[in-house]
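[1] Could you look at this predicted model? Sequence included:
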Amino acid sequence: MLFKHHYIHLFHYNNWATQETIKSAKILPEHSERIASLVSHTIAAQEIWFNRSIGKESDLTPWEKYSIDECSEKSELITSRWINFLEHSSDEGLNKIFHYSNTKGDKFENSIKDILTHIINHSTYHRAQIALLVKEASGKPAFTDYIVYARSKSS
C-alpha cells in the first residue's frame, strides 16, 4: 500500500472516531465546555497543520471555540481537505521536508509524513481525554479504537 493511501485511510478513521466522540458527548445531560474545547482543539490543529502544509497563513489559534455541532461539520470539512491533498500527493511528496513556524513563531522542519502521523496521534490523545470526561459525567464513552473502525469496514 502506498503511504498516501494509508494516510487517506487514517484520516477516514480519524473523522469516524471524532464523529463517534461527538455523538457520545451530545447525549450527555449537559454539554461540557471542556469536551467541546478539546474537540475544537483537535479540529483547529488539523486546519492549522493543513494551512502550514500548503504554505498558507492561518489566523486560527489552536484553541478555537466551536460548538459541538460545528465540530461535526468542521471535522468533515478538514478531513475532506486532507484527503484531497493526499489524493494529489505522491509518496515522494509526503517525504518532503518543509520549513514552518509554530504558533509561537519558533521555526521547525519536518516531513509531511511526520505531520500526518502527528495529527492522527494528537486527535487520538485528546479523544482519550474526552472519553474520560464523558465517563466522569456518567455517560458512555465512544469506542474509538482503530480496530473497532477496521472491523466495521470489513463487515
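    Structure received. Numbering: from 1, shown residues only.
[2] All the strands of the protein, residue numbers only.
    For the chain, the strands defined by DSSP state E cover 97-101, 107-111.
[3] Output the first one as PDB, restricted to C-alpha atoms.
    Put plainly, it is strand 97-101. Presented in PDB, the C-alpha positions along strand 97-101 are these (Å, rounded to 0.1, in the frame of the first residue of the first chain):
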ATOM      1  CA  ILE A  97      10.800  18.300   4.300                       C
ATOM      2  CA  PHE A  98       9.200  21.700   4.700                       C
ATOM      3  CA  HIS A  99      10.000  24.600   7.000                       C
ATOM      4  CA  TYR A 100       7.400  26.300   9.100                       C
ATOM      5  CA  SER A 101       6.800  28.300  12.200                       C
END
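[4] which of the strands of the chain has the lowest average pLDDT?
    Of all the strands of the chain, the minimum mean pLDDT falls on strand 97-101 (a mean of 93).
[5] Now do it against strand 107-111, angle only.
    150 degrees (axes from the mean of the first three to the mean of the last three Cα atoms, to 10 degrees).
[6] ok, strand 97-101: who's next to it in the sheet?
    strand 107-111 (antiparallel) (DSSP bridges).
[7] Just the C-alpha atoms of the partner strand, please, in CSV.
    What follows is strand 107-111, C-alpha atoms only, in CSV (Å, rounded to 0.1, in the frame of the first residue of the first chain):
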residue,chain,number,x,y,z
LYS,A,107,11.0,27.6,13.4
PHE,A,108,11.0,23.9,12.6
GLU,A,109,11.2,21.5,9.8
ASN,A,110,9.5,18.1,9.3
SER,A,111,8.3,15.8,6.6
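[8] And for that strand, what's in contact with it?
    For strand 107-111, the external contacting residues (Cβ atoms under 8 Å, 6 or more residues apart in numbering) are 94-102. In short, each C-beta sits where N, CA and C put it, glycine included.
[9] Out of these, grab the one that's most surrounded.
    Counting neighbours by other Cβ atoms under 10 Å, Leu94 leads the contacts of strand 107-111 with 19 neighbours.
[10] now the strands of the chain in JSON lines, with distance to Ser37?
    Listed next are the strands of the chain as JSON lines, based on distance: least, Cβ to Cβ, whole Å:
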{"stretch": "strand 97-101", "distance to Ser37": "24"}
{"stretch": "strand 107-111", "distance to Ser37": "25"}
